[in-house]
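Undergrad: predicted model, plus sequence, below.
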Amino acid sequence: MKDAMSTASEISGQTDTILREILCDVLGLDRARVDGFTSDTGLFGHLPELDSMAVAGLLTEIEDRLDIIIDDDEIDGEMLETYGALLAFVGNKREVG
Amino acid sequence: MPIAVWPTPDGGEEYALAFDSGRARRLLILPPLFEEANKVRHTLVEAMRRLDRMGIDSFLPDLPGCNESPAPLERQWLAGWRAAAIAAAGHFAATHLLTVRAAAILAPPALSGWRYAPTGGANALRAMLRARSISGRESGINETAEDLLQIGRGEGLELAGYRLGPQMVRDLEAARLPDSGRLSDIPHAAIGGSAPWLRAEPGFDPAQADMLAGFLAVELGKMDEGK
């Protein structure tokens, strides 16, 4: 049980790290600034750099680097609104597969 | 900027950025497709300047319908671009090839060289379909990527400001990343920093041009020794 739990938290820490790396790349921000993102940090609609093409690039890169598939009908304003929402969505995807 | 003109197989002419001093090592660079080309161009041009200083000629052609090309993009298809890439390689007497991103699907088979961060045409199309679907939703239009693809196959589609003909949509959809063949892949991690084609705002990092040109010069040198 302990093993299973530590594995789950390792995966979620890893997801957080990779997601921040992708945001650095897409937004062209330095790592320190992206490391300062909290669950409440606004993304789509809050960061002018993040237009629809950038969001599409972001999602495609998330799929490639985290080996998940995001269906079209799963993409909505809510999952992209804050860093916390995006992390939760991606984390859930990785667990469920 | 040193600009050259080269003849396309259909009888037209296109521009190329050309650092040509008649040297033995001559690198043809096929840039990424569509929007990614704009984001990566600055890095490629700066890498070409560095290659020039290291004694290597390089050529960055505009494929028909791309960049400064007078040809309409919506009449282009992948077979045409592949033939154009072969024509450019012949015209500039390229000895080696560098493809960037989805240009990997256009690689003339006779050249050896590299594929920088290669991806298939299907991936490039998917990202553009998704962008249109997301921006549609913002303005209250509900069109899924699958709906758009269906329309695009029949009558073509404007994606991210690029008007693609129906043949191009079908070609891209079917274009998986081919086997590397005579080319070796350069993962972006080997160049480092944030990937220029991903950046929402185009940016230029001189260190990436240094790394890319340095890597290519070393590899080209190894090939010469191996002869």
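TA: Nice, thanks for sending it over.
Undergrad: hang on, B:Glu13 packs against B:Pro61?
TA: No - using C-beta atoms under 8 Å, B:Glu13 makes no contact with B:Pro61, being 11.0 Å away. From N, CA and C alone the C-beta is placed, and that goes for glycine too.
Undergrad: quick one: is the helix or strand harbouring A:Ile11 near chain B?
TA: In this assignment (DSSP states H and E), A:Ile11 forms part of helix A:2-27. Yes - Helix A:2-27 lies within reach of chain B by C-beta under 8 Å from any C-beta of the partner chain, at A:Ile22, A:Cys24, A:Asp25, A:Val26, A:Leu27.
Undergrad: and the next helix or strand past that helix?
TA: By DSSP H and E, the next helix or strand past helix A:2-27 is helix A:31-35.
Undergrad: quick one: mean pLDDT over that following helix.
TA: Helix A:31-35 shows a mean pLDDT of 89.
Undergrad: who touches stretch B:157-172?
TA: For stretch B:157-172, contacts defined as C-beta atoms under 8 Å, 6 or more residues apart in numbering or on different chains pick out A:53, B:34-35, B:72-79, B:121-122, B:124-125, B:128-129, B:131-132, B:148-149, B:151-156.
Undergrad: in ChimeraX, how would I select just the buried ones from the residues you listed?
TA: Entered in ChimeraX, the line below selects the buried ones among those, by 16 or more other C-beta atoms under 10 Å in any protein chain shown:
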select /A:53 /B:34,35,73,74,76,77,78,121,122,124,125,128,129,131,132,148,149,152,156
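Undergrad: quick check: which ranges of the chain have low pLDDT?
TA: All of this is about chain A. A:1-6, A:97 (pLDDT under 70).
Undergrad: actually chain B
TA: Those would be B:226-227, if you go by pLDDT under 70 across chain B.
Undergrad: same thing but 80
TA: B:1, B:138, B:200-203, B:224-227 (pLDDT under 80).
Undergrad: what's the longest strand in it?
TA: strand B:13-19 (DSSP state E).
Undergrad: helices or strands up against it?
TA: strand B:3-7, helix B:35-53, strand B:57-61, helix B:78-91 (3 or more C-beta pairs under 8 Å, 6 or more residues apart in numbering or on different chains; DSSP states H and E).
Undergrad: contact partners of the first one?
TA: In other words, strand B:3-7. B:13-18, B:20, B:59, B:61, B:87-88, B:91-92.
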